[in-house]
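**Student:** Sequence below, structure please.
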Amino acid sequence: MLRRASILRQLDSGQKAAQVAANVGVAAKTVRAVGRRYEEQGLEPALHEKSRPGKQRALDVGQSQRIIAMVCGPPPPGRARWNVRLIASEAVKRKLAPRVGRETVRILLQSHELKPWREKNVVHRGTE
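**Tutor:** Just a heads-up that it's a prediction; the model follows:
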């Protein structure tokens, strides 16, 4: 916001867009966009950027936690260990999430630093 205010102040003093861009450390295109937004919409829109909604998350927090809890448990009967495809299909089958893709599961596991398909992630009881 301070940068945009500085841009508007320098434009008001009569400086060219390229000169303001060099002073502020932004591209001349940015300076022109801020100036145009001020002229068309007023001060508030020129100073504050519009919110960017982004893409909606595939899983909410509760669904993520339930999937992680499932992965921390034993795999289904007949399976030696979990894999990404199995986790995705079991999450839908157990109604933990209405739809979940392999990539979503992969990112979820990566963010929790889980690798259930690796033997060294299994915790064994130490010998006494």
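**Student:** quick one: what helix or strand has the residue nearest to Asn23 when sequence neighbours are not counted in it?
**Tutor:** Nearest non-adjacent residue to Asn23, counting by CB to CB, 6 or more residues apart in numbering: Gln10, 6.3 Å away. For the C-beta atoms, the positions are set from N, CA and C on the backbone; glycine is no exception. In this structure, Gln10 is located in helix 2-12 according to DSSP states H and E.
**Student:** doesn't Val92 make contact with Val105?
**Tutor:** No: between Val105 and Val92 there is no contact under CB atoms under 8 Å: 10.6 Å.
**Student:** residues of the lowest-mean-pLDDT helix or strand in the chain that come out buried?
**Tutor:** Ranked by mean pLDDT, DSSP states H and E, the weakest helix or strand in the chain is helix 43-47, scoring a mean of 89. By neighbour count on 16 or more other CB atoms under 10 Å, the buried set for helix 43-47 is 46-47.
**Student:** packing partners for it?
**Tutor:** Counting contacts by 3 or more CB pairs under 8 Å, 6 or more residues apart in numbering; DSSP states H and E, helix 43-47 is packed against helix 2-12, helix 28-41.
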